[in-house]
Every structure is written in C-alpha cells, then in structure tokens.
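A.B. asks: sharing a model prediction with you, sequence too.
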Amino acid sequence: MGLSFPESWYCRMRARMNARTKKPLRPLVRYAQTVASITLLIALSLTTWAASQVYSAKARGLATRGLDVNDVSVLLPVGPHGLHPAISIQELGVLDEEIFEQVLRFEYPKAAANSPDFADLPYVDSRFITDFRRWKLTSFRFEDCSEVIRIKKESHIGLPSTLLLTRDPGCQPRLRLVTQPFNLFGIALPTAIHILVNLDSAELQAAIEDLKILQDLSETQYGTETFGKALGPHPGLISEIASLGKTTLADHVRALLRSATERGFQSAALPPERRFPQTESITLILQTEINHWKFAGGLVREGTWLKSETEFNRQFRKTPGYPAIGVEDLKCDIHSSKSIQTTSAGTLRSQDSWNSCPS
C-alpha cells in the first residue's frame, strides 16, 4: 500500500523547498554560464592562435628556405603544345645570327678556302641546325661562382684567331642558357648551344629574388613543391601545363630571363665601339653524324666568337690546324668501349658492350 499526502501538505513542502533553494541557484547559474563563456572564448582563442601559428610557420618557411636544385636549374617541360614556355634563341637576345654562324662553323670558317655554304655544312640534320629560327631554350641555370677566365689571343694566317684559356682566382656569377634545334615534328635534336651570360652582383641578387618568387608561385598557384625533389622538368611548370590556359609561371620565367639579360639588350642598341656584351662564352655540342658528336667552345670578344682551348685539352690534340683546335670527339657504337665483368671462375675479362652516348 503506497503512502499518500494531502495536496495541501505537498504544496506547502514544495513552496518551502523552493524558497530555500531559489536564492543560491541564481548565482550558480550565472557562474556556470560565465565559466562556459570563458571556456568557449579560450577554446576559440586557442584555435585561432593554432591556426595563426601554422600559417606563420608556413610563411616563415617560404621566407627562410633556400633554393634547391629545381629552383636554380630550370628544365622546361614539354606539353601537348610544345615547350612551356616556348622561348626562341632570338627572343633571348644574347646571340645574333652572325655569331651563331661563327659557332657552327667551328670547323669550316668562312675565311677558309673551299668552305661550304652555311646551309650545306656536312653534318646530320644540317638544314635544321643551321636555321636560327628553330633553336629554342630548353633549360637554364644560375651559377653563383663560375671561374674567372684569363685569355691569351693566338693568331692564324688567313683564319680567325683563337684563345688560350687559363683560370684566375675568384668567382664570376653567370646565367647558363641551353638551347636546342627542333625538327619539323617539334622534337629536339641531340645538338645544343650553351650560352654563358655574365651577371654583376645586382643582377645576381635580382635573379635570386625572382627565383624565390618562382618557387613560391609554384606552391601558391598550383600547390606544387620544388624543394627536396630530384632534378627534372620544373615541377611548377608541369603543374601549370595541366591547368589549361594558365601562364603565370611561364610569364614569370620570361620576365626573369629578360631582367637577367637586360644589360645585353641595352648594349646591343649601342654603336659597336660602345658595346659591353654580356655574353661571355658559347659552347657547342654537335651531332656531326649518327653516333658521332663533337664539342667546341669559345668566347665572345668585340662582337666575334673566338674558338678556345685550355692547356689541359691542348695536350690531347692530335692534329694541328684551326679545325682541330679546342675540338673534342665522341664516337659511340657497340665496339667503342669495354666493360669489366666477373666470370664464374672469379677472374676478370673484357667484353664488348654498348657505350653510353648522348640522346
């Protein structure tokens, strides 16, 4: 049997309990609400602080990290529409057609008797390699401490002069531009001209800042890191190719190169006697025939390319005369080298093998 209380008694008891608890409940509720508000404020503040710390750390990383191999050696990628960006050797403004012909005539100078016409030089793909318009930039590299070159001019009767090179102490910052000729199918041929452009300290510093911008643009525009990766086609430019119609990085590369070579552009506009050419050295890697390459180099002096050699490579020259000066050969075929291999008996023997050749 359950207990029951008169209604009036229950009401009186509830009223007395409410009267005792009503006053202390109000400040407790206010206290709890205040604590909850403060806790929420602290949580929001911590979240905001944490987010700002992540952003600040990332910003500090962008500001303080150095330049890696893909930042200073930029290999231009090839997309569905060709090189990105596509920059002609003419657009670079560091080499004119007259010096271009002198470089490719490293064996057959115009002054030599019975020298062939330029378009008829006896090399494979001659019609492409002698066409100035087919040469395009395929990579570039900034070198903060290249050698300082000392020269000695040597004359040859009826032929261009040549230079004997030695090295002086010190550093000369340079920009190396690598260009190659392309055939009718848009394929780069295994021949290249390297153009070394001198930079003064201000030009080098400006180039470093431009390279950092290129590094940051790769991340901010396409979420692509260039730091900490093996050398290959520039990661940011590859990402840009996938973003159809975008040219942010390509445009920056053009502006970067233009800024670095601006002194050369200004010089070219002056009379010959007042020019101060920025281009220091031009080297050639030429496929003369299938599986045969020749290497030659020279300096630009007074608007002329003069073939050069060092004391070291001079001692290996087998034949006298202008065509052989400063020229090195590389012939590649299945019998051109030997490899050492261990037999089952544990002795060593030589076997014919494929050589490693340019491609």
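C.D. replies: Alright, I've got the coordinates. Keep in mind that this is a model prediction, so the values were computed, not measured.
A.B. asks: just the helices from the stretch 101-250 of the chain, written as ranges.
C.D. replies: Using DSSP state H, counting those that start in this stretch, the helices of the stretch 101-250 of the chain run over 126-129, 201-222, 235-242, 248-260.
A.B. asks: distance to residue 271 and mean pLDDT for the ones you listed - can I get that in JSON lines?
C.D. replies: Where you see a C-beta, it was placed from the backbone N, CA and C, and this is true even at glycine. Formatted as JSON lines, these follow (distance: least, C-beta to C-beta, whole Å; pLDDT from 0 to 100):
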{"stretch": "helix 126-129", "distance to residue 271": "32", "mean pLDDT": "95"}
{"stretch": "helix 201-222", "distance to residue 271": "23", "mean pLDDT": "96"}
{"stretch": "helix 235-242", "distance to residue 271": "39", "mean pLDDT": "97"}
{"stretch": "helix 248-260", "distance to residue 271": "23", "mean pLDDT": "97"}
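A.B. asks: will you turn these into TSV that also has mean neighbour count and distance to residue 318?
C.D. replies: Below are the helices of the stretch 101-250 of the chain laid out as TSV (neighbours: other C-beta atoms under 10 Å; distance: least, C-beta to C-beta, whole Å):
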stretch	mean neighbour count	distance to residue 318
helix 126-129	17	25
helix 201-222	17	40
helix 235-242	20	44
helix 248-260	18	39
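A.B. asks: may I have stretch 149-157 as PDB, with CA atoms only?
C.D. replies: Extracted in PDB, the C-alpha atoms of stretch 149-157 (Å, rounded to 0.1, in the frame of the first residue of the first chain):
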ATOM      1  CA  ILE A 149      88.800  33.500 -67.200                       C
ATOM      2  CA  ARG A 150      92.100  34.800 -68.400                       C
ATOM      3  CA  ILE A 151      92.800  34.800 -72.100                       C
ATOM      4  CA  LYS A 152      95.800  34.800 -74.500                       C
ATOM      5  CA  LYS A 153      95.000  35.600 -78.100                       C
ATOM      6  CA  GLU A 154      96.600  33.400 -80.800                       C
ATOM      7  CA  SER A 155      96.600  34.300 -84.500                       C
ATOM      8  CA  HIS A 156      96.400  32.100 -87.500                       C
ATOM      9  CA  ILE A 157      97.300  33.100 -91.000                       C
END
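A.B. asks: which parts of that stretch are buried?
C.D. replies: By 16 or more other C-beta atoms under 10 Å, the buried positions in stretch 149-157 come out as residue 149.
A.B. asks: let's number from 709 now, not from 1
C.D. replies: Sure, I'll start counting at 709 from here, so that last one is stretch 857-865.
A.B. asks: what mean pLDDT does that stretch get?
C.D. replies: Stretch 857-865 carries an average pLDDT of 93.
A.B. asks: skipping adjacent residues, who's closest to residue 940 in space?
C.D. replies: residue 783 (6.5 Å; C-beta to C-beta, 6 or more residues apart in numbering).
A.B. asks: so what's the residue count around residue 1034?
C.D. replies: Residue 1034 has 23 neighbouring residues, counting by other C-beta atoms under 10 Å.
A.B. asks: now swap in the one 3 residues further on and tell me
C.D. replies: Neighbour count for residue 1037, taken as other C-beta under 10 Å: 11.
A.B. asks: quick check: bridge partners of the residue nearest to residue 940?
C.D. replies: Beta-bridge partners for residue 783, by DSSP bridges, are residue 847, residue 941.
A.B. asks: tell me, how many residues neighbour it?
C.D. replies: When neighbours are counted by other C-beta under 10 Å, residue 783 comes out with 17.
A.B. asks: that one against residue 888, yeah?
C.D. replies: No. Applying C-beta atoms under 8 Å, one finds residue 783 not in contact with residue 888, separated by 11.8 Å.
A.B. asks: intersection of neighbour lists for these two?
C.D. replies: Common neighbours of residue 783 and residue 888 (criterion: C-beta atoms under 8 Å, 6 or more residues apart in numbering): residue 846.
A.B. asks: OK, contacts around the spatially most central residue of the chain?
C.D. replies: Centroid-nearest residue in the chain, with C-alpha atoms, centre = their mean: residue 782, separated by 1.3 Å. Contacts for residue 782 (C-beta under 8 Å, 6+ apart) come out as 847-849, 922, 942, 945, 961.
A.B. asks: with residue 905 instead?
C.D. replies: Residues near residue 905 by C-beta under 8 Å, 6+ apart: 802, 882-885, 968-969, 972, 986-988.
A.B. asks: any idea what it is bridged to?
C.D. replies: Bridge pairing for residue 905 - DSSP bridges - gives residue 883, residue 987.
A.B. asks: mind picking the lowest-pLDDT entry from the contacts of residue 905?
C.D. replies: residue 972 (78).
A.B. asks: now it. Nearest residue, chain neighbours left out?
C.D. replies: Nearest residue to residue 972, sequence neighbours excluded (C-beta to C-beta, 6+ apart): residue 986, at 3.6 Å.
A.B. asks: I'd assumed residue 802 was in contact with the one you found.
C.D. replies: Yes. If you go by C-beta under 8 Å, residue 986 and residue 802 touch, sitting 6.8 Å apart.
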